[in-house]
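>>> Pasted the sequence and its predicted model underneath.
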Amino acid sequence: MSQTALDDDELFGEAASEMRSDVESSLEAGWEALPDAEAIWETDAENSLGVLNGLKTALEIGDAEEHLRDAKKWFTMGKRAEAFEDAADLEEELAALEETIVEIEEAGEAAGELASTIPALKSSLEDAGGE
């Protein structure tokens, strides 16, 4: 192997490119793991409890959080090594994915909490109405 093939700057540039690619791949996988918009919008349920349970299930983030973690790991390493010429786009997309995951998790928790109150509320209303 020639001396030029082992040039530190060239190797560092190659590693930086691979790191950026790893971050971009993890971000893409994270977005793809999120629920489909139609899955949280459409419903086949016959009652409110079914709607809420279906929504709670549809709002599961799957592996999105793990992909985000991988992207953040490689991004942090690349940033600390000053391997990225311009990392603003990656930083923005990381923040957007993280914010979207948090929103989905919060919506899922809200749907779950509401779903857990519906049976007791129905029972109370039936008791109050004499049904």
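Great, that's in hand.
>>> Summarise which helices and strands the longest helix seen in the chain is packed against.
As assigned by DSSP state H, the longest helix anywhere in the chain is helix 88-129. Under the contact definition 3 or more CB pairs under 8 Å, 6 or more residues apart in numbering; DSSP states H and E, helix 88-129 sits against helix 8-33, helix 48-58, helix 64-80. Where C-beta positions appear, they are placed from N, C-alpha and C, glycine not excepted.
>>> pLDDT (mean, whole number) over it?
The average pLDDT for helix 88-129 rounds to 95.
>>> what about that helix, distance to the chain center?
Averaging C-alpha positions (CA atoms, centre = their mean, to the nearest Å) puts helix 88-129 15 Å from its chain's average.
>>> now stretch 75-89
21 Å.
>>> Identify each buried residue in stretch 102-113, please.
Residues 104, 107-108, 111 are the ones in stretch 102-113 that count as buried (16 or more other CB atoms under 10 Å).
>>> ok, now which ones touch the closest residue to residue 115 other than its chain neighbours?
Sequence neighbours aside, residue 52 is the residue nearest to residue 115 in space, at 3.7 Å (criterion: CB to CB, 6 or more residues apart in numbering). Residue 52 makes contact with 111-112, 114-115, 118, according to CB atoms under 8 Å, 6 or more residues apart in numbering.
>>> For residue 55, which non-adjacent residue is spatially closest?
residue 111 (4.5 Å).
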